[in-house]
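Asks: Curious how this folds, go ahead:
(2 chains)
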Protein chains: 2
Amino acid sequence: MKEVIPHWLSKQADLKPNQLALEYNGKETLSFQELAQASQSMARRLANLGVEKGSHIALLSQNNVNMIIAIHALSYLGAVAVLLNTRLSANELQFQINDAKVNLLVTSVFFSDKTEGIDVPQKKSFSELQRLPEKEVPLQNELVLNDPFTIIYTSGTTGFPKGVVHTYGNHWWSAIGSALNLGISPQDKWLTVLPLFHVSGLSTLFKSVIYGMPIYLMTSFEPEKVHEALMKNHITMISVVTVMLQRLLEQMATERYPEQLRCVLLGGGPAPKPVLEQARKKEVPVFQSYGLTETSSQIVTLSPQDAPRKIGSAGKPLVPAQLKIHDPSTRGVGEIYVKGPMVTKGYFNNPTADQKAFQTDWLKTGDLGYLDEEGFLYVVDRRNDLIISGGENIYPSEIESVVSELTGVQEVGVTNRSDDQWGEVPVAFIVKDTQNVLDEEMVQTYLKSRLASYKVPKKIYFVEQLPRNASNKLMRYKLKEWL
Amino acid sequence: MKEVIPHWLSKQADLKPNQLALEYNGKETLSFQELAQASQSMARRLANLGVEKGSHIALLSQNNVNMIIAIHALSYLGAVAVLLNTRLSANELQFQINDAKVNLLVTSVFFSDKTEGIDVPQKKSFSELQRLPEKEVPLQNELVLNDPFTIIYTSGTTGFPKGVVHTYGNHWWSAIGSALNLGISPQDKWLTVLPLFHVSGLSTLFKSVIYGMPIYLMTSFEPEKVHEALMKNHITMISVVTVMLQRLLEQMATERYPEQLRCVLLGGGPAPKPVLEQARKKEVPVFQSYGLTETSSQIVTLSPQDAPRKIGSAGKPLVPAQLKIHDPSTRGVGEIYVKGPMVTKGYFNNPTADQKAFQTDWLKTGDLGYLDEEGFLYVVDRRNDLIISGGENIYPSEIESVVSELTGVQEVGVTNRSDDQWGEVPVAFIVKDTQNVLDEEMVQTYLKSRLASYKVPKKIYFVEQLPRNASNKLMRYKLKEWL
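Replies: The predicted structure follows:
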């Protein structure tokens, strides 16, 4: 039997009409009742353009109130939101718009230049939508958990991005899994500065309407402003990626965050130990986590209580989730498989990708990891980044972790270069800090004392910055292109 | 696609192995790891008796550790637990055991006299089970949400009790709906003194393994002991029925419960205003609620914040639940319909009852109520003459059915009388046949052998005739007027 729940935003508008739902850049605010009314009104405007159940509507916007209203509006119509990364080139956008069979592209005016040449049946800016009259259509007052709701593209190892379809149920279960891990307090307020077009940011919207919890939304990550918001605005939770955590730690001199900040949810790849160490010293309650677009947000989390004795671990799978290591080596390392009702049922219109990604109802993440004797997950590396040199496996993250501990290093990324003698060898890209004292010899001398020689990068490149995606995740394949 | 989650007890044994799971009468304690091990061990003993996926195992026990272990053990085997009310007569037990096609009856030794004459394929006491060897069988490490897990009988208007089937999913969603209402705190500890054979008590077991929260289990409601536990044992939540709340309030002189007691969940019928008023004066955080066996526990709740301005209301439906008033009168009163993933999918082996109870996926509760302008529910009357006595549901038709089998009875009508101690008690009006041999004592002696004692009418009135309408239907409200 299909599971049905009442529309989550309408429910909160009924249960907590006057409760704060959204605080935008610390200024504009909306209650749940106001957010529901604005979203329903937007739904009726979209209906005027022919948007209906099953329509695919692409959204291209930085974080703002309009984007949130548009996403909820689509849920009232049963339409699917295709969330586009604002950093994509026009070519990349066109690919995703075609692949997702988009009927209408909605953009913030900020990106009108970029979308000028885009070929799509209809195109509207948020301000154009605001001027449309409302059309009286029946709105969904229930959500069928198995219905698709969002599509987010993720790059695979194969080159072409694949559209991950999330159902209402995927988002629901992700929010519930997180709640069972972190608890639910009436004081909660989540700071969302990660982009809403990534699942890590997007998922906070659904937590908001499922828990009845306000979101403090910020458009972009400016360390001073986020720091100030954390200090002053009664934030209890925030999701960040490693580089953001680093920047925030730099903002902290001797002061500590207020006690109500109870969770800094850290995603986007393994974090270097020195960063975690520093966070612990500064009493920042970091929850390390592991997740993919396909898992609708984090699926494995390490609590601050376990962190000191499990340094480097991503933790354990959430209550509704399962995890196993497929075909482990003698050292226990194998591919990470995950399963649970928050895991996507598949990619949009891509049976080949589905076949590759699933084994019965287990998702093959492509990432490598192992479990310690207590069942804590250690993510060793993303499989496609694995470097095999002279028959030895080398994991870039391991080298990066060591390099980052060297004084003078601000950031580091490691990848592989083909080599006549060894097959592959590692190479490193380093961003120096402002002291600018390092040279290649100093780095290699240091590393030789810390790593097996085959793991020491054969070449060190000093660069101005590392290639990161919109959620600040290191794109190692770009490093390879730089070579 | 069927939804699957990891086995909830195994999950907590993995996430929180050393966390307190169960504290029994303030003495015996079990961690989640110990509870999981004991339950798995019990599952292997039960396997020795042929218990397997789909077996129906009846449990007859007061609240104790064995009963909790047995319930979890059945979930490891995929067997169904039929939970028997310990106050039922042997006749009533036999009916439910037959109707539920029970393969094995497990009892605490306390009830061995009562079950002596019961006809059932196998019968074991907990202590006999403990002596069985373990049989190595595969245990369920996952729970399929659509699979049936428990059956609890509820009397209908038609006389014969019906077995309400709860799936794992029903219990899961009930626990989640409650969590989204009450929040989840790491300090939570739930005091369970309501019987585990009722869904209100049973549901706390599943909250425990879904939240990773300890239960403080008590065998019976002794006001002084419960009061003492609330004062001293770091309890944060307790479920009670009205008569219990009254007794607890009597225990309180000038003292107040500790601040951590954040929820006294009140179910089992509308509470009299003076009791609520007194609770408010004594700062007891009462959450009034409305629910049925069919809704797997409360489905509508009123928070203490709303209580003062909504006196007499049962509140609003939980986040995953919906409610509507069917065919309201001009005053807005109509039958209460509810819907949601915590609502049973139907009765065991009883398509006629299913047909009567459901309209598409709405459950027709049989209770009457109305919504005020803000959508708060007021329950006007429980379904067709339901009598609620000390939190137990009593159906007049069931008593009438038994009385009418007694030689010398021509006609009988049962209604309720208000009672200081129990809220309501049943009373009977009997028209004797021409032999005229019966007296009150004879009737009560007969009934005590056939019915749970709380169902035996507290007073028998012998009358010349019963009030019937033109189509000869008994008008029970007239009986009430006679009182």
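
Asks: residues in the stretch 251-400 of chain A within reach of chain B, list them.
Replies: Within the stretch 251-400 of chain A, the positions near chain B by Cβ under 8 Å from any Cβ of the partner chain are A:316-317, A:319-322, A:339-341, A:345, A:361, A:375. For the C-beta atoms, the positions are set from N, CA and C on the backbone; glycine is no exception.

Asks: burial of the residue nearest to A:Asp119 when sequence neighbours are not counted, as a residue count?
Replies: With Cβ to Cβ, 6 or more residues apart in numbering or on different chains as the criterion, A:Asp119 has its nearest non-adjacent residue at 6.6 Å, and that residue is A:Gln94. Other residues near A:Gln94 come to 16 when the count uses other Cβ atoms under 10 Å in any protein chain shown.

Asks: With A:Ile151 instead?
Replies: Neighbours around A:Ile151, by other Cβ under 10 Å: 26.

Asks: Chain A: helices as residue ranges?
Replies: A:8-15, A:32-48, A:65-77, A:90-99, A:126-130, A:168-182, A:199-211, A:223-232, A:242-251, A:273-281, A:351-357, A:396-404, A:440-448, A:476-482 (DSSP state H).

Asks: buried sites along the longest one?
Replies: When burial is assessed from 16 or more other Cβ atoms under 10 Å in any protein chain shown, helix A:32-48 yields the following buried residues: A:32-36, A:38-40, A:42-47.

Asks: Serialize those to CSV and add fields for distance to B:Asn146.
Replies: Below are the buried residues of helix A:32-48 laid out as CSV (distance: Cβ to Cβ, whole Å):
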residue, distance to B:Asn146
A:Phe32, 32
A:Gln33, 35
A:Glu34, 38
A:Leu35, 34
A:Ala36, 32
A:Ala38, 37
A:Ser39, 32
A:Gln40, 33
A:Met42, 36
A:Ala43, 32
A:Arg44, 36
A:Arg45, 39
A:Leu46, 35
A:Ala47, 35
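
Asks: can you narrow those to ones near chain B?
Replies: Applying Cβ under 8 Å from any Cβ to the buried residues of helix A:32-48, one finds that nothing falls near chain B.

Asks: from the residues of the stretch 251-400 of chain A next to chain B, which two are the most distant?
Replies: A:Lys345 and A:Gly375 (26.6 Å; Cβ to Cβ).

Asks: Tell me which of the two has more neighbours.
Replies: A count of neighbours by other Cβ under 10 Å puts A:Lys345 above the other of A:Lys345 and A:Gly375, at 18 against 13.

Asks: Now that we have the helices of chain A, can you turn them into CSV and tack on mean pLDDT?
Replies: What follows is the helices of chain A, written out as CSV (pLDDT from 0 to 100):
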stretch, mean pLDDT
helix A:8-15, 98
helix A:32-48, 98
helix A:65-77, 98
helix A:90-99, 91
helix A:126-130, 96
helix A:168-182, 97
helix A:199-211, 97
helix A:223-232, 96
helix A:242-251, 90
helix A:273-281, 90
helix A:351-357, 93
helix A:396-404, 83
helix A:440-448, 90
helix A:476-482, 84
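
Asks: Distance to B:Trp172 added to those, as TSV?
Replies: TSV is the format used below for the helices of chain A (distance: least, Cβ to Cβ, whole Å):
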stretch	distance to B:Trp172
helix A:8-15	18
helix A:32-48	25
helix A:65-77	23
helix A:90-99	36
helix A:126-130	39
helix A:168-182	9
helix A:199-211	15
helix A:223-232	35
helix A:242-251	34
helix A:273-281	34
helix A:351-357	27
helix A:396-404	36
helix A:440-448	50
helix A:476-482	40
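
Asks: hmm, back to that, mind putting the residues of the stretch 251-400 of chain A next to chain B in a markdown table, distance to A:Leu143 included?
Replies: Listed next are these as a markdown table, based on distance: Cβ to Cβ, whole Å:
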| residue | distance to A:Leu143 |
| --- | --- |
| A:Lys316 | 29 |
| A:Pro317 | 25 |
| A:Val319 | 22 |
| A:Pro320 | 18 |
| A:Ala321 | 21 |
| A:Gln322 | 25 |
| A:Lys339 | 23 |
| A:Gly340 | 19 |
| A:Pro341 | 14 |
| A:Lys345 | 16 |
| A:Asp361 | 22 |
| A:Gly375 | 34 |
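
Asks: Any idea which of the residues you listed the model trusts least?
Replies: Across the set of these, A:Asp361 stands lowest in pLDDT, at 92.

Asks: which non-adjacent residue is nearest the residue positioned nearest the centre of chain A?
Replies: Centroid check for chain A by Cα atoms, centre = their mean gives A:Ser200 as the closest residue, at 3.5 Å. The shortest distance from A:Ser200 to any non-neighbouring residue, by Cβ to Cβ, 6+ apart, is to A:Leu194 (4.9 Å).
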